[in-house]
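>>> below: sequence and its predicted model.
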Amino acid sequence: MGRQQRVLINTSFKMQRVTGQQRYAHEISRRLLARDGFTELTPGTFFASSALRVWAWVMAVAPVVSRRRLLLSMTARAPLFARQVLVIHDLFVLTNPEWFSKKYVITHAPVLRYQLKRAKALVAVSQPVADQLARGYAVPVIVAPNAPSDVFRAEDGPVDTGALSSRGLRTGEYFLCVGSVDPRKNLPRLAAAYGALDETLREQFPLVVVGGGAAVFRSQEIAWPSQTVNAGYVSDEELRTLYAHAHAVVFPSLAEGFGLPLVEASAAGTPRLVVSDIPVFRWICADSAHYFDPTSVAAISKALSDCIDRPKDSPLDSARFTWERSADIVAEACDRLEGSATLRGRLPLTLLAWCRCRTRRACPRAAFRNDGRLSRTPAD
């Protein structure tokens with residue numbers, strides 16, 4: 001007989017368009033719900049009918065229904081008053097509010113600050129995010145990273161040849177950039193850098209931009225040069241094909257909590273990654289990418305030009321990034337909080353170590369690295 005369903009999964013994310021946070025939540029929840037001890041908590045039809053009603057359900061109904069049971073929230077749609085494990089994808093609304101609309105900052109920044117202080121445990125999607133959290137909050141922190149979904153794996157995903165032909169693209173002869181249109185994605189500099197390339201080179205290697213905007217981000221003007229293909233939102237099958245047949249995937253972000261397109265692209269067989277030199281990309285890619293200064297248009301342009309004749313990169317270490325492993329880590333964290341010992345033997349015991357900090361000033365930089373070891377160094 002399975003154990004009592006003691007951990008509730010907040011599935012209010014199911015009413016949202018699937019981007020990075022929602023994909024994480026879908027993949028982890030699907031695996032956890034197949035286990036004993038987890039069940040979903042979902043808004044009913046009335047609350048699910050609009051975004052505002054979903055927020056009302058999250059803030060007012062979910063805490064009452066969950067009572068003292070443990071709640072797992074994996075997107076920004078998380079309650080203030082609940083006994084919860086909270087997944088943190090980034091802290092940009094706190095550290096870089098200028099990237100967001102004023103309305104979003106006013107409504108979300110205070111909420112996130114309060115949630116971070118009250119959470120029973122925090123799950124970071126990367127080691128750099130975990131380090132930020134451990135320095136600032138007296139809450140246990142673990143790392144359970146993103147991973148590529150099965151559709152993006154080269155041996156499994158379908159090949160949608162129409163994704164190329166419908167856009168006039170040729171295999172191995174285009175750059176691909178994937179990401180939402182928001183300031184941290186650094187798209188104006190990418191546009192300027194691509195525009196600085198010789199016209200002949202741009203004709204041979206179009207720049208394909210996948211993604212769209214959102215009202216939560218500060219608006220910005222982007223002057224895309226000729227030979228840019230704005231693909232907008234595409235299906236996973238189309239995206240897998242675009243990854244697989246690109247000459248290189250370009251990721252010029254100023255900052256990221258993770259960088260899901262990097263692991264998706266590598267899984268799909270992208271031969272080259274040309275990315276910003278920022279800590280989280282170094283943590284993900286190590287030597288499997290070519291890095292550039294994202295604040296320099298000239299550096300981005302040179303990186304694009306240099307990768308034309310560059311050999312293929314070695315693929316990322318796929319064993320580091322799997323949804324099964326991340327689900328195991330999240331399950332262990334929830335199980336630890338529930339005081340159960342039913343899940344054993346699947347991960348090193350060091351994954352169950354916890355950092356409990358007494359004060360903000362004394363908080364050690366302690367969090368789990370991706371190999372399962374606990375890192376603990378003095379605070380800066």
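Arrived safely, thanks for sending.
>>> flag the shaky bits of the stretch 1-150 of the chain, pLDDT-wise.
Within the stretch 1-150 of the chain, the stretches with pLDDT under 70 are 1-5.
>>> so which residues of the stretch 151-300 of the chain form helices?
Assigned helices in the stretch 151-300 of the chain, in chain order: 162-165, 187-195, 199-204, 236-245, 260-268, 279-285, 297-306 (criterion: DSSP state H, counting those that start in this stretch).
>>> next, give phi and psi for Lys102.
Torsion angles at Lys102 (phi, psi; degrees, to the nearest 10) stand at phi -60, psi -40.
>>> hmm, back to that, go through the helices of the stretch 151-300 of the chain and pick out the most buried.
Highest mean neighbour count among these (mean count of other Cβ atoms under 10 Å): helix 260-268, with a mean of 26. (C-beta placed from N, C-alpha, C; glycine too.)
>>> let me see the domain layout of the chain.
7-147+322-377, 150-319 (automatic domain parsing).
>>> neighbours around Ile88, how many?
Neighbourhood size, Ile88 [other Cβ atoms under 10 Å]: 24.
>>> number of residues surrounding Ala78?
Quick note: Ala78 (other Cβ under 10 Å) scores 25 neighbours.
>>> am I right that it is in a helix?
No: remark: Ala78 does not belong to a helix; assigned using DSSP: H, G, I helix; E, B strand; the rest coil, it is coil.
>>> show the contacting residues for it.
10, 58, 84, 86, 115 (Cβ atoms under 8 Å, 6 or more residues apart in numbering).
>>> most neighbours among these, which one?
Asn10 (28 neighbours).
>>> ok, that one touching Leu72?
Yes: when contacts are counted by Cβ atoms under 8 Å, Asn10 is listed as touching Leu72 (6.4 Å).
>>> identify the contacts common to those two.
What both Asn10 and Leu72 touch, as defined by Cβ under 8 Å, 6+ apart, is the set Gln84.
>>> strands of this structure, start to end?
With DSSP state E applied, the chain shows strands at 7-10, 38-41, 70-73, 84-88, 121-124, 141-143, 175-178, 207-210, 228-232, 248-251, 273-276, 290-292, 365-368, 374-377, listed in chain order.
>>> closest one to Glu98 among these?
Glu98 lies closest, by Cβ to Cβ, to one member of those: strand 273-276, at 18.3 Å.
>>> surely Leu8 is in contact with Pro63?
No: the pair Leu8 / Pro63 is not scored as a contact, 10.8 Å apart, by Cβ under 8 Å.
>>> mind listing the shared neighbours of these two?
Common neighbours of Leu8 and Pro63 (Cβ under 8 Å, 6+ apart) are Leu71.
>>> picking that back up, what would the strands of the chain look like in JSON lines with distance to Arg240?
Shown next, in JSON lines, are these (distance: least, Cβ to Cβ, whole Å):
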{"stretch": "strand 7-10", "distance to Arg240": "27"}
{"stretch": "strand 38-41", "distance to Arg240": "28"}
{"stretch": "strand 70-73", "distance to Arg240": "29"}
{"stretch": "strand 84-88", "distance to Arg240": "25"}
{"stretch": "strand 121-124", "distance to Arg240": "27"}
{"stretch": "strand 141-143", "distance to Arg240": "26"}
{"stretch": "strand 175-178", "distance to Arg240": "11"}
{"stretch": "strand 207-210", "distance to Arg240": "11"}
{"stretch": "strand 228-232", "distance to Arg240": "13"}
{"stretch": "strand 248-251", "distance to Arg240": "12"}
{"stretch": "strand 273-276", "distance to Arg240": "16"}
{"stretch": "strand 290-292", "distance to Arg240": "22"}
{"stretch": "strand 365-368", "distance to Arg240": "30"}
{"stretch": "strand 374-377", "distance to Arg240": "34"}
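>>> wait, which of these is closest to Trp99?
Of these, nearest to Trp99 by Cβ to Cβ is strand 273-276, at 15.1 Å.
>>> partners of the closest one in the sheet?
Using DSSP bridges, the strands paired with strand 273-276 are strand 248-251 (parallel), strand 290-292 (parallel).
>>> give me the contacts around it.
175, 186, 248-254, 259, 262, 265-266, 281, 285, 288-294, 303-304, 307, 313.
>>> and those, which are buried?
175, 186, 248-254, 259, 262, 265-266, 281, 285, 288-292, 294, 303-304, 307, 313 (16 or more other Cβ atoms under 10 Å).
>>> and for the residue nearest to Ala25 when sequence neighbours are not counted, the neighbour number?
Here the nearest residue to Ala25 in space, its sequence neighbours aside, is Met74; by Cβ to Cβ, 6 or more residues apart in numbering that works out to 3.9 Å. Using other Cβ under 10 Å, Met74 has 29 other residues around it.
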